[in-house]
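> This is the structure alone, sequence omitted:
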């Protein structure tokens, strides 16, 4: 928890000199560590900047570009982002598009005053609302696309918060805090959905599952032959680079390691189950070099082929 606290109350000493820093003392009223606003822009940019508070933006209409951690994302109606303290980001308008966003900015101690202390505990009930947002900018979720009832609920909560903030009626601070807790709960649930959802890369790889199944069957049938990587790539019409990537994703091993493991496994079985000589098994499993076969076999089993056969046959279980 100490590291999170340092990030939370740090002064951004590592920030580049051209990054604009917004401080809560200038942006928020002294008695209320929370600020609500609506932005309506048709042009311009908010250059690389950061702030010492948490920032939430929800897109009501229009479109703009949001850049963080060297990547840029198109933000459209129903999209949302949450930026932790001292994460550097920027916003650029798209010509002729315009945008309208509702913004919510707050310091963690608005949720619970204990967060303002130098030492605050993760055991505190309200910490669970903020734990996922007090993170390094490399781990920020740069864009959440809300849909259906979730989008409507977020829009309603932020609109109510904006009205309470502007009206400043009696106890409006409590209403703001209550709605903020609801809002963070909704966002955390959306984060959980994103974590459970397969990434685009996972979905691309999944399309090759049947192909890789055919590759594995082919290897099982032809392991004793001179089976080279180039041959398999031609056989299945796939580039060498992507084949190696897919093979490692599906098996956890490189092609060569997998093939050697398979051949050694077959050899170990034949040594015990057949009367074939070590030389016959060497060539029968595709090694085609007795010294290399013995070296690989010992590396995998801890003993030479002949010793393995002798020990296995002497065992009462064989």
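Arrived safely, thanks for sending. Just so you know, these numbers come straight off a predicted model, no measurement behind them.
> immediately after the helix or strand encompassing residue 241, which helix or strand?
Secondary structure assignment for residue 241, by DSSP states H and E: helix 240-251. For helix 240-251, the succeeding helix or strand toward the C-terminus, using DSSP H and E, is helix 255-273.
> counting contacts, what elements does that next one pack onto?
helix 209-222, helix 229-235, helix 240-251, helix 278-284, helix 290-301, helix 305-314 (3 or more Cβ pairs under 8 Å, 6 or more residues apart in numbering; DSSP states H and E). All C-beta spots, glycine's among them, are computed from the backbone N, C-alpha and C.
> can I get those in JSON lines with distance to residue 269, mean pLDDT and mean neighbour count?
As requested, the helices and strands packed on helix 255-273 are exported to JSON lines (distance: least, Cβ to Cβ, whole Å; pLDDT from 0 to 100; neighbours: other Cβ atoms under 10 Å):
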{"stretch": "helix 209-222", "distance to residue 269": "13", "mean pLDDT": "91", "mean neighbour count": "13"}
{"stretch": "helix 229-235", "distance to residue 269": "24", "mean pLDDT": "92", "mean neighbour count": "14"}
{"stretch": "helix 240-251", "distance to residue 269": "20", "mean pLDDT": "87", "mean neighbour count": "15"}
{"stretch": "helix 278-284", "distance to residue 269": "9", "mean pLDDT": "95", "mean neighbour count": "17"}
{"stretch": "helix 290-301", "distance to residue 269": "12", "mean pLDDT": "93", "mean neighbour count": "16"}
{"stretch": "helix 305-314", "distance to residue 269": "10", "mean pLDDT": "85", "mean neighbour count": "15"}
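> Adding distance to residue 174, write the ones you listed out as CSV.
Output for the helices and strands packed on helix 255-273, formatted as CSV (distance: least, Cβ to Cβ, whole Å):
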stretch, distance to residue 174
helix 209-222, 53
helix 229-235, 65
helix 240-251, 51
helix 278-284, 79
helix 290-301, 67
helix 305-314, 75
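> ok, residues contacting the helix holding residue 241?
205, 208-209, 211-212, 215-216, 229-230, 232-233, 236, 238, 253-255, 258 (Cβ atoms under 8 Å, 6 or more residues apart in numbering).
> Run the angle between it and helix 255-273 for me.
Per axes from the mean of the first three to the mean of the last three Cα atoms, to 10 degrees, the angle that helix 240-251 makes with helix 255-273 is 50 degrees.
> tell me the angle helix 240-251 makes with helix 209-222.
Interaxial angle of helix 240-251 relative to helix 209-222 (the same axes, to 10 degrees): 90 degrees.
> Is it correct that residue 46 falls within a strand?
Yes. Counting by DSSP: H, G, I helix; E, B strand; the rest coil, residue 46 is located in a strand.
> Nearest spatial neighbour of it, chain-adjacent residues omitted?
Nearest non-adjacent residue to residue 46, counting by Cβ to Cβ, 6 or more residues apart in numbering: residue 91, 4.3 Å away.
> Give the bridge partners for that neighbour, please.
With DSSP bridges as the criterion, residue 91 is bridged to residue 46, residue 66.
> count of residues packed around it?
21 (other Cβ atoms under 10 Å).
> Do I have it right that it meets residue 55?
No. Counting by Cβ atoms under 8 Å, residue 91 does not reach residue 55; the two are 10.8 Å apart.
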